[in-house]
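Novice: Curious how this folds, go ahead:
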Amino acid sequence: MTLAHFLEGLRCASCGTPNALWLDLTRALVECRECGQTALNVTDEGRSL
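Specialist: Sure, this is the predicted structure:
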């Protein structure tokens with residue numbers, strides 16, 4: 001299982017589009033392909049992925 005599998009089936013909180021989220025590991029962001037909304041990934045320890 002990869003990190004991208006965790007995004008399968010999720011909806012964008014802004015536009016509600018299902019399965020439109022993609023993970024950018026370099027920038028530690030999740031972005032919606034439809035509306036462009038981004039979210040920063042933070043681990044339990046408070047560090048960026």
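Novice: Chain neighbours aside, what residue packs nearest to the most centrally placed residue in the chain?
Specialist: Centrality entry for the chain: nearest residue to the mean C-alpha point is Val30, 2.7 Å, by C-alpha atoms, centre = their mean. Leaving aside its chain neighbours, Val30 sits nearest to Ala39 (4.9 Å; criterion: C-beta to C-beta, 6 or more residues apart in numbering). Where you see a C-beta, it was placed from the backbone N, CA and C, and this is true even at glycine.
Novice: so the one you found touches Leu29, yeah?
Specialist: Yes. Counting by C-beta atoms under 8 Å, Ala39 does reach Leu29; the two are 6.7 Å apart.
Novice: so what sits against both of those two?
Specialist: Residues touching both Ala39 and Leu29 (C-beta atoms under 8 Å, 6 or more residues apart in numbering): there are none.
Novice: Just checking, which helix or strand of this structure averages the lowest pLDDT?
Specialist: Every helix and strand in the chain was compared by mean pLDDT, DSSP states H and E; the lowest is strand 21-24, with a mean of 89.
Novice: and it, which residues are buried?
Specialist: Buried residues in strand 21-24, counting neighbours by 16 or more other C-beta atoms under 10 Å, are found at Leu21, Leu23.
Novice: Parallel or antiparallel, which strands does whatever helix or strand comes next after that strand pair with?
Specialist: Sequence-wise, the next helix or strand downstream of strand 21-24 (DSSP states H and E) is strand 29-32. Paired neighbours of strand 29-32 in the sheet (DSSP bridges): strand 21-24 (antiparallel), strand 38-40 (antiparallel).
Novice: From Ser14, how far out is Leu40?
Specialist: Leu40 sits 15 Å away from Ser14, going by C-beta to C-beta, to the nearest Å.
Novice: Neighbour count for the two, which is higher?
Specialist: Legend: neighbour count by other C-beta atoms under 10 Å for Leu40 and Ser14, higher for Ser14 (13 against 10).
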